[in-house]
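A.B. asks: Curious how this folds, go ahead:
(2 chains)
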Number of protein chains: 2
Amino acid sequence: MRLPGRVKLIEVGLRDGIQSEPRFIPTERKVALAHAIARAGVPMLEATAFVHPRVVPQMADAEAVTARENRAPGIAYAALVPNRRGAERALAAGVDEIRCVIMCSETFNHRNVQMPVSESLRQAAEMARLAHEAGVRFVGGLGTAFGCPFEGAVDEKRVRSLVAALVALGVDGVCLSDTTGMANPAQVERLAGLLLDQWPELPVILHFHNTRGAGLANVLGGMAAGVTCFEASVGGIGGCPFAPKATGNICTEDTVHMLHEMGVETGIDLAALLDAARLMEETLGRELPGQVLKAGPRSRLFPAT
Amino acid sequence: MRLPGRVKLIEVGLRDGIQSEPRFIPTERKVALAHAIARAGVPMLEATAFVHPRVVPQMADAEAVTARENRAPGIAYAALVPNRRGAERALAAGVDEIRCVIMCSETFNHRNVQMPVSESLRQAAEMARLAHEAGVRFVGGLGTAFGCPFEGAVDEKRVRSLVAALVALGVDGVCLSDTTGMANPAQVERLAGLLLDQWPELPVILHFHNTRGAGLANVLGGMAAGVTCFEASVGGIGGCPFAPKATGNICTEDTVHMLHEMGVETGIDLAALLDAARLMEETLGRELPGQVLKAGPRSRLFPAT
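C.D. replies: Numbering: from 1, shown residues only, chains lettered A, B, ... in the order given. As a prediction, the model looks like this:
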C-alpha cells in the first residue's frame, strides 16, 4: 500500500458540515470553533461560503466569520464562492483562498445553480481572474466527480476534460468531491491517478462523504494514487441531501487517528482536535458520527482489574 | 492497490453481533435471520457459540439454532467454542466448522477465560483433535491481534508465534481479530503479509470492528496483503466492551457494497442482504450503524425534477 509521509487536511465542518443545519449557529460560536480547530494545528479551514443568505441562511454571517478581528491564528482561511458577487465579497473580506464548485453532471449542476456547466466554467474563469488579480489562491472544485445521484456514473473522460478546463484557467488546485458518497477506493485510485499522470504538478484535493461507509477506505485509494490533501469535517458532520440519515463528510479526527496510526503525519494534535469535535457536538446538541469521539484513540488503555 | 477477484465473507452477526444484546432474541427469530442471510448467498455463518448460558445468556439456544431442522440451506454453519465441553456440544449438533478464540495478550485472555494463553493453547489442541476426529474443520482464532485495550501494542512476533502454535495443531485456518477496533490498514497489511510470507497456503481470515472508523480501510489493508476472507455482521451490529457507544463489527452490506463497486466478487446478493439487515434492525428495535441500510446502494438514483 502506497503511503505518503505527510498529508494535508482541510477542515470543512464550518462550511459543508453545518450548511444544512436548520438552527442558525451564532457567529461567536462559529468563531470559537474556528479557533479550536486552529489550536489543533489544522493548516486550512474552509470557513464559510459567500452565498446569498436566502440560499444558505447558515452562511449569512460570512463576513463576520472571516473578519480579521475574529480570525484564528496560524490557519489559512478559504471560502466557497458560487459566483462573481461571492468572489468579490470573499476578496473584500481578505480570505487566503477562494474556491468554486462546478458539478460534473449537467443535471446536478442545473439543480444547484440553474445553469449549464459551460456557463459555470465561464463564471469560474471570471472568479479565477479576480482572485489572481488580488493575489489570492483560487481552487476549482468539481462535484459529483465519482457519481451523480440523478445521472449515475460520471465518465472519467468528462472529469478529465473539466479538470483540463480548470487547469487552463490557472487554478491553484483542483478538488474532486464525492458529493453524495458514491466513490469506491479503486475508482478513486484510478481517477486521481489518471489526473496526476496528466498533470503531475497539479495539487489534487479529495473530498469524501462517508455516506456508504467507505470514506476512510477512499482516503487510502487517494493516497495509493499519490494524493496528499483531503477534506474532512470535525465530528463527521455534514451529510448528503439524498441520504438524510447517513453520515456526512469523512470525520477529521477519525482520519487523523487512522493516518497517525499508519505513520502518516498531519501536523495535527489529535487531543486538541477532539476538543474541537466536542465543541461541535455541544454546538449541534446531538451525538455526531465521529467514532474516535466515542471510543477514544487507540492509545486509551484500561485498567485490567 | 492490490485487489483479489473474489472475497469470501463470513457472517458473524448472530454470534459476535448479538452476544451482548441484553434482551434474549427468540430462537425462531435467530433462525429466520440465518435463513435471510443464507438467501443472500452468504457462504458461511458463525451461527452461535456453545458457551455456558450463564456466561453468555444470548447463546443459550445454541443447539436449537443449529438443529438440522432449523438450518438454512446452502450456507455452512460455524460455531464458536470456548472449551472441550463446548466442542463436544458443537460436534454433537453437527456444525460444519468449530472455532476457538485465544487472546494474544495474557491480560485479556485471563479476563476472558481465567487462564494463561499456554493453557488456552493446550485446550485448543484438544478441541482441534476432537473436531478432526469428527471430520469437522477447526479454525483457530486469535483475539487482540492488533492491540489490547489493557496492554496496548501487541508484538507481531507474539502473534506469529501463536499462529505457529495453531498451525502445529493442524488448524484449517487462522482468524486474526481486532477485538476492540485498534487496527490500522498499514498494520493489517504488514501483519497479514508476514503470516502469508511464512505460511503461503494458510487460510487467513480477518475480523475487524469499526470502533474507530477504519473498518473498511482495514479490509483494503488485508486485501493488499493477499487476504481474501473477512468476517462482518449485518447492520454493523456488535460492539466493543470498552467503547459502548462506538459501532460494532464491520457491516456486511457496507463491505459487500464497497467490494462489488470495486469489482471484487462476493457471490452475495446485496438487495437480499439488505433485507436480512432490515430484519436485524427490526429484531433489535433500533437504528443500526450500517450506512448502506440508510443511504441505499450507489445504484439508487433520484428523479431530477
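A.B. asks: Contact partners for A:E46?
C.D. replies: When contacts are counted by CB atoms under 8 Å, 6 or more residues apart in numbering or on different chains, A:E46 touches A:10-12, A:14-16, A:78-80, A:99, A:231. Heads up, the C-betas are built off the backbone N, CA and C, glycines and all.
A.B. asks: and A:N83, how many neighbours?
C.D. replies: 18 (other CB atoms under 10 Å in any protein chain shown).
A.B. asks: quick one: it from A:E231, how far?
C.D. replies: 22 Å (CB to CB, to the nearest Å).
A.B. asks: next one: A:A243
C.D. replies: Taken as CB to CB, the span from A:A243 to A:E231 is 19 Å.
A.B. asks: which of the two has more neighbours?
C.D. replies: A:E231 (26 against 21).
A.B. asks: Then that one would be within a strand, right?
C.D. replies: Yes - counting by DSSP: H, G, I helix; E, B strand; the rest coil, A:E231 is part of a strand.
A.B. asks: Who are the contact partners of it?
C.D. replies: A:9-12, A:16, A:46, A:175, A:205-208, A:249-250.
A.B. asks: Output those residues in TSV; the columns should cover pLDDT, secondary structure and distance to A:V113.
C.D. replies: Below are the contacts of A:E231 laid out as TSV (pLDDT from 0 to 100; DSSP: H, G, I helix; E, B strand; the rest coil; distance: CB to CB, whole Å):
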residue	pLDDT	secondary structure	distance to A:V113
A:L9	98	strand	28
A:I10	98	strand	22
A:E11	98	strand	25
A:V12	98	coil	19
A:D16	96	helix	16
A:E46	98	strand	18
A:C175	98	strand	17
A:I205	98	strand	21
A:L206	98	strand	22
A:H207	98	strand	18
A:F208	98	coil	22
A:N249	97	strand	21
A:I250	98	coil	25
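A.B. asks: Looking at these, which one is closest to A:P57?
C.D. replies: Relative to A:P57, the closest of the contacts of A:E231 is A:D16; by CB to CB it sits at 15.4 Å.
A.B. asks: Do a quick rundown of the helices in chain A.
C.D. replies: Here chain A has its helices, by DSSP state H, at A:27-39, A:62-66, A:84-93, A:106-113, A:117-133, A:156-168, A:185-198, A:215-225, A:252-261, A:270-284, A:292-295.
A.B. asks: can you list these in CSV and add mean pLDDT?
C.D. replies: Shown next, in CSV, are those (pLDDT from 0 to 100):
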stretch, mean pLDDT
helix A:27-39, 98
helix A:62-66, 98
helix A:84-93, 98
helix A:106-113, 94
helix A:117-133, 98
helix A:156-168, 98
helix A:185-198, 98
helix A:215-225, 98
helix A:252-261, 98
helix A:270-284, 98
helix A:292-295, 96
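A.B. asks: Tell me which of these sits nearest to B:A145.
C.D. replies: Nearest to B:A145, of the helices of chain A and by CB to CB, is helix A:252-261 at 15.0 Å.
A.B. asks: The closest one and chain B in contact?
C.D. replies: Yes - using CB under 8 Å from any CB of the partner chain, helix A:252-261 reaches chain B at A:254, A:257-258, A:261.
A.B. asks: what's in contact with stretch A:98-117?
C.D. replies: Contacts to stretch A:98-117, defined as CB under 8 Å, 6+ apart, come from residues A:46, A:78-83, A:87, A:90-91, A:120-121, A:123-124, A:127, A:131, A:136-145, A:148-151, A:154, A:158-159, A:162, A:175, A:177, A:179, B:304.
A.B. asks: chain center to it, what's the gap?
C.D. replies: 16 Å (CA atoms, centre = their mean, to the nearest Å).
A.B. asks: Extract the CA atoms of that stretch and return them as CSV.
C.D. replies: C-alpha atoms of stretch A:98-117 as CSV (Å, rounded to 0.1, in the frame of the first residue of the first chain):
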residue,chain,number,x,y,z
ILE,A,98,-11.4,31.2,-2.8
ARG,A,99,-13.0,28.1,-4.2
CYS,A,100,-15.8,27.4,-6.6
VAL,A,101,-17.8,24.2,-7.2
ILE,A,102,-18.9,23.0,-10.6
MET,A,103,-20.9,19.8,-10.8
CYS,A,104,-19.6,17.3,-13.3
SER,A,105,-23.1,16.2,-14.2
GLU,A,106,-25.3,18.7,-16.0
THR,A,107,-28.4,17.6,-14.1
PHE,A,108,-26.9,18.2,-10.7
ASN,A,109,-25.3,21.5,-11.8
HIS,A,110,-28.6,22.7,-13.1
ARG,A,111,-30.3,21.7,-9.9
ASN,A,112,-27.6,23.5,-7.9
VAL,A,113,-27.1,26.8,-9.8
GLN,A,114,-29.7,26.7,-12.6
MET,A,115,-27.1,27.0,-15.4
PRO,A,116,-25.2,24.6,-17.7
VAL,A,117,-21.7,23.5,-16.8
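A.B. asks: buried residues in that stretch?
C.D. replies: A:98-113, A:117 (16 or more other CB atoms under 10 Å in any protein chain shown).
A.B. asks: Now do the residue positioned nearest the centre of chain A against chain B, distance only.
C.D. replies: Nearest to the mean C-alpha position of chain A, by CA atoms, centre = their mean, lies A:E231 at 3.9 Å. A:E231 sits 16 Å away from chain B, going by CB to the nearest CB, to the nearest Å.
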